[in-house]
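1. After the sequence you'll find the predicted model.
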Amino acid sequence: MRPLIAGNWKMHGTLREAVALAEAVQAGAAGLPADLLICPPFVHIPALAAMAGRTVALGAQDCHAAAKGAHTGDTSAAMLRDIGATHVILGHSERRADHGETDAVVQAKVKAALAAGLVPVVCVGETEAQRLAGEAEAVVRRQLAESLPDDFAGIIAYEPVWAIGTGRTPTEADIAAIHATIRDSLVARFGAAGQGTHILYGGSMKPGNAKAILALANVDGGLVGGASLVAADFLAIAAAAE
Ligand SMILES: O=C(CO)COP(=O)(O)O
């Protein structure tokens with residue numbers, strides 16, 4: 001399948017910086033061996049959606065599980081679709097940690113995203129303590145089982161919590177093992193659709209390690225944090241996806 005390189009900008013950038021970054025990514029997007037997705041903070045989505053000639057897909061970093069209602073400060077999936085997003089990251093470990101999102105909450109959000117016509121990018125991944133205890137595969141299997149609804153259609157991102165923003169990554173063998181586990185779970189539950197589901201790797205992905213990671217079986221792209229804030233690095237990662 002054609003690789004997907006997604007940038008999670010997290011809570012970074014003024015409007016001006018966001019537009020400049022998106023323009024630089026767009027300018028380098030032609031001819032790459034991967035599709036590109038950028039996920040800026042909510043407030044920058046309208047400006048980026050309006051960019052002329054845009055070929056880079058746009059996503060948000062979260063949505064609420066309800067279609068509307070008394071939820072101060074929250075944003076619905078339909079609102080995101082309305083302003084031009086096509087994707088939404090859900091269940092990122094920073095949301096799970098900072099906002100107490102459980103697998104059940106993530107599943108409710110995935111359902112809301114699907115109902116609104118957004119492609120969910122569902123994040124799973126073990127903590128360092130869980131990895132050291134030999135529980136990484138079990139944790140990921142459980143997160144998939146409980147975060148995905150029966151009618152799931154979307155993208156999975158494997159992001160070991162301890163690799164995010166740390167400059168540390170699992171070994172290639174460990175990445176391949178977890179991605180194989182994820183593929184097994186998806187195929188067991190969703191059949192052929194599970195075979196065609198993108199499984200992204202995320203966690204300290206950089207131009208220097210992208211080629212080796214993206215060459216692994218069942219690694220269908222990347223979810224990039226810090227390096228997605230530098231257009232040249234983000235594009236170099238995408239170029240390594242051939
Ligand atoms: O959390 C991530 C993407 O969602 C990964 O972040 P880093 O690439 O900064 O480690």
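-> Received it, and whenever you're ready, just let me know what you need.
2. check which helix or strand covers residue 101.
-> Per DSSP states H and E: residue 101 is located in neither a helix nor a strand.
3. What separation do you get for it and residue 92?
-> For residue 101, the distance to residue 92 equals 9 Å [CB to CB, to the nearest Å]. Backbone N, C-alpha and C define where each C-beta goes, glycine included.
4. between these two, which one's more packed in?
-> Neighbours were counted for residue 101 and for residue 92 using other CB atoms under 10 Å; residue 92 has more, 29 against 21.
5. you'd agree residue 54 is up against residue 48?
-> Yes: the criterion here is CB atoms under 8 Å, and residue 54 meets it with residue 48 at 7.5 Å.
6. quick one: pLDDT of the residue of the chain found nearest the ligand?
-> Closest approach between the chain and the ligand, counting by CB to the nearest ligand atom: residue 225, at 2.2 Å. Per-residue confidence (pLDDT) for residue 225: 98.
7. thinking it is in contact with residue 164, fair?
-> Yes: Residue 225 is within contact range of residue 164, at 6.5 Å (criterion: CB under 8 Å).
8. which neighbours do the two share?
-> Applying CB atoms under 8 Å, 6 or more residues apart in numbering, one finds that residue 225 and residue 164 are jointly contacted by residue 202.
9. circling back: identify the residue spatially nearest to the residue of the chain closest to the ligand, adjacent ones excluded.
-> residue 8 (5.2 Å; CB to CB, 6 or more residues apart in numbering).
10. Quick check: which element contains residue 59?
-> strand 57-60.
11. which residues are in contact with stretch 189-200?
-> With CB under 8 Å, 6+ apart, stretch 189-200 has contacts from 1, 3-4, 6, 121, 145, 148, 150, 152-158, 179, 182-183, 185-188, 218-223.
12. Determine the longest helix present in the chain.
-> helix 172-190 (DSSP state H).
13. list the buried ones in that one?
-> Along helix 172-190, these residues count as buried under the neighbour rule (16 or more other CB atoms under 10 Å): 175-179, 181-183, 185-186, 190.
14. Tell me the residues of the protein that contact the ligand?
-> Contact residues, the chain versus the ligand (CB under 6 Å from any ligand atom): 8, 92, 159, 164-165, 202-205, 223-227.
15. where does the closest residue to residue 33 other than its chain neighbours land on pLDDT?
-> Of all residues not flanking residue 33 in the chain, residue 242 sits nearest, at 4.1 Å (CB to CB, 6+ apart). Turning to residue 242, the model gives it a pLDDT of 86.
16. Weed out the non-buried ones from the residues of the chain next to the ligand.
-> In the residues of the chain next to the ligand, the ones that pass as buried (16+ other CB under 10 Å) are 8, 92, 159, 164, 202-205, 223-227.
17. State the mean pLDDT of stretch 174-182.
-> The model assigns stretch 174-182 a mean pLDDT of 98.
18. What ranges does this protein have for its strands?
-> Remark: strands assigned in the chain by DSSP state E are 4-8, 35-39, 57-60, 87-90, 119-124, 155-158, 199-202, 221-224.
19. Just list what the longest one packs against, helices and strands only.
-> Pointing back at strand 119-124 there. Judged by 3 or more CB pairs under 8 Å, 6 or more residues apart in numbering; DSSP states H and E, strand 119-124 is in contact with strand 87-90, helix 103-116, helix 136-147, strand 155-158.
20. packing partners for the strand holding residue 59?
-> Using 3+ CB pairs under 8 Å, 6+ apart: strand 57-60 touches strand 35-39, helix 45-49, strand 87-90.
21. what would the helices and strands packed on strand 119-124 look like in CSV with distance to residue 27, mean pLDDT and mean neighbour count?
-> Output for the helices and strands packed on strand 119-124, formatted as CSV (distance: least, CB to CB, whole Å; pLDDT from 0 to 100; neighbours: other CB atoms under 10 Å):
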stretch, distance to residue 27, mean pLDDT, mean neighbour count
strand 87-90, 21, 98, 26
helix 103-116, 29, 98, 20
helix 136-147, 36, 98, 19
strand 155-158, 25, 98, 26
